[in-house]
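Trainee: here is the input, now give the coordinates:
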Amino acid sequence: MRRPVKQFAIYLALLVFGGSAGLLFSRHLMGAPSSSQKFQPVAVSLPPTTRDRATETEMPPSTGSNFIAEAADQVGPAVVRIDRVMPQSDTSQNPFFHQFFGDQVPEQPESGTGSGFILTDDGQVMTNAHVVSGTDLVKVTLKDGRSFDGKVIGIDTVTDVAVVKIDAHNLPTVRLGNSDAVLPGQWAIAIGNPLGLDNTVTAGIISAIGRSGYEVGDPNFQDKRVRFIQTDAAINPGNSGGPLLNDRGEVIGINTVIRADAQGLGFAIPIQTANRVAKQLFSQGKAEHPFIGIQMVDLTPDLKKELNNDTNVNATHPKISQDRGVLIVRVLSDSPATQAGLKEGDVIQKVDGKPIKTASEVQEWVESKGVGNLLQLEVYRNGQTQTIKVQLGKFPAKQ
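Mentor: Residues are numbered from 1 along each chain as shown. Here you go, the predicted model:
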């Protein structure tokens, strides 16, 4: 029993000696603190909670603007609200009216609200014809609250463009862009007064270009000589006549109509068309449009088959042999077309030597010519190709 006790004593002595040596060695390496040294508290940063991160993250300072806001800021002052001033009804002979008002005739409220924009600093304003139709006088209100009496100088029902003049000077104006350079996918900004909410700004893109009046889907616009710009920027009642802008704040169209059976389908008159018409309206009070005097449709294989199988059509017209082209379905009496010798059933293949496929293309060619100029049509009739020259007349528009 003596040997284990002795071994245990030796092990314990070694353990104490080793611990003491290690402690002395570590103090020698670190150095003992002097009396002048003081321990400094150490701050330990814990990862911030989600709430701390939200409050501590430094965001770059906002400029408060973007290209849409800049465009609206530039153009907004030149966008106006147009209220039609309707003639008062004659109440002098109404005994029921006199029972309540006597001989005092209250002012009749204005009705019909649309939009427009100022072209020149002396008060030339552009809008839609349907905004000011039925009246010669309108009230024009600017964004800054000023209001002016406006005179309707002229309207053009063929394109739905109208112009108004107000007596003022140093007015804010818009900058006109180039609607011929517009492409689908580009930005579109609409400004107007929908439902009386002045200077409302909406944005979207150009969805399509070159839409015909038939594609607009409104019976009132089927015969308009306009290749509309389609946009998904929100357009509502009261927006009519307001500007459609590009991303530089330039006017590329007049917001005109929406498709009632869909959402996000708005249509604008290209500013190149509108400005050409507006110049005529300001200078002579009306716009002239060249005119042939035919009604036409796009010819397709399906339409060809349908017409050739129609016994009523075959009784008066020869069968159609062409699959493509523009089919003349009616020639108006006493028209340039009648005088030139065009006939129902003719299929237009070329205009001024250029192949065409749609009625809209023919209409564009006609519109590009002035009244009195010649238009050369290549038509297919009874298995033969003929060249017919038509002298364009003046379109008998109802103003």
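Trainee: what about the closest residue to V125 other than its chain neighbours, how many residues nearby?
Mentor: Counting by CB to CB, 6 or more residues apart in numbering, V125 lies nearest to V164, which is 4.2 Å off, once chain neighbours are set aside. To be clear about C-beta, it is placed using only N, CA and C from the backbone, and glycine gets the same treatment. Residues within reach of V164, counting by other CB atoms under 10 Å, total 27.
Trainee: thought V164 was touching I82?
Mentor: Yes - between V164 and I82 a contact is recorded at 7.0 Å, counting by CB atoms under 8 Å.
Trainee: anything in contact with each of those two?
Mentor: 116, 125, 127, 132, 138, 140, 150 (CB atoms under 8 Å, 6 or more residues apart in numbering).
Trainee: Y380: neighbour count?
Mentor: Residues near Y380, counting by other CB under 10 Å: 20.
Trainee: list the contacts of it.
Mentor: Here Y380 is in contact with 321-322, 325, 346-347, 349, 386 (CB under 8 Å, 6+ apart).
Trainee: give me the contact list for stretch 275-282.
Mentor: So stretch 275-282 is contacted by 119, 124, 126, 153-156, 159, 161-163, 165, 176, 286-288 (CB under 8 Å, 6+ apart).
Trainee: can you do 6 Å?
Mentor: 126, 153-154, 156, 159, 161, 163, 287 (CB atoms under 6 Å, 6 or more residues apart in numbering).
Trainee: farthest pair in those?
Mentor: Maximum pairwise distance among the contacts of stretch 275-282 (CB to CB): 15.2 Å, between I153 and T159.
Trainee: ok, I229 touching I269?
Mentor: No - judged on CB atoms under 6 Å, I229 makes no contact with I269 at a distance of 7.7 Å.
Trainee: which neighbours do the two share?
Mentor: Joint contacts of I229 and I269 (CB under 6 Å, 6+ apart) are G253.
Trainee: next one, pLDDT for the residue nearest to V125 please.
Mentor: As predicted, V164 sits at a pLDDT of 98.
Trainee: surely it touches M126?
Mentor: No - with contacts counted by CB under 6 Å, V164 stays clear of M126, the gap being 7.9 Å.
Trainee: if we can go back for a sec, which one's more surrounded, I153 and T159?
Mentor: T159 (25 against 20).
Trainee: contacting residues around the more buried one?
Mentor: T159 is in contact with 225-226, 277, counting by CB under 6 Å, 6+ apart.
Trainee: counting neighbours, which of those residues comes out on top?
Mentor: V277 (28 neighbours).
Trainee: picking up where we left off before, what would the contacts of T159 look like in JSON lines with distance to E306, secondary structure and pLDDT?
Mentor: Listed next are these as JSON lines, based on distance: CB to CB, whole Å; DSSP: H, G, I helix; E, B strand; the rest coil; pLDDT from 0 to 100:
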{"residue": "R225", "distance to E306": "28", "secondary structure": "coil", "pLDDT": "86"}
{"residue": "V226", "distance to E306": "29", "secondary structure": "coil", "pLDDT": "91"}
{"residue": "V277", "distance to E306": "37", "secondary structure": "helix", "pLDDT": "95"}
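Trainee: and which of these is nearest R381?
Mentor: For these, the nearest to R381 is R225 (26.3 Å; CB to CB).
Trainee: check the gap between that closest one and A188 for me.
Mentor: 22 Å (CB to CB, to the nearest Å).
Trainee: now swap in R84 and tell me
Mentor: Relative to A188, and taking CB to CB, R84 is found at 27 Å.
Trainee: can you check L195 too?
Mentor: The value you get for L195 to A188, if CB to CB is used, is 20 Å.
Trainee: tell me which of those two has more neighbours.
Mentor: A count of neighbours by other CB under 10 Å puts A188 above the other of L195 and A188, at 26 against 10.
Trainee: the stretch 251-399 of the chain: helices as residue ranges?
Mentor: All helices of the stretch 251-399 of the chain, identified by DSSP state H, counting those that start in this stretch, fall at 271-284, 301-308, 311-316, 336-340, 359-368.
Trainee: closest to I294 out of the ones you listed?
Mentor: Using CB to CB, the nearest of the helices of the stretch 251-399 of the chain to I294 is helix 336-340, at 4.8 Å.
Trainee: what's that closest one packed up against?
Mentor: strand 384-391 (3 or more CB pairs under 6 Å, 6 or more residues apart in numbering; DSSP states H and E).
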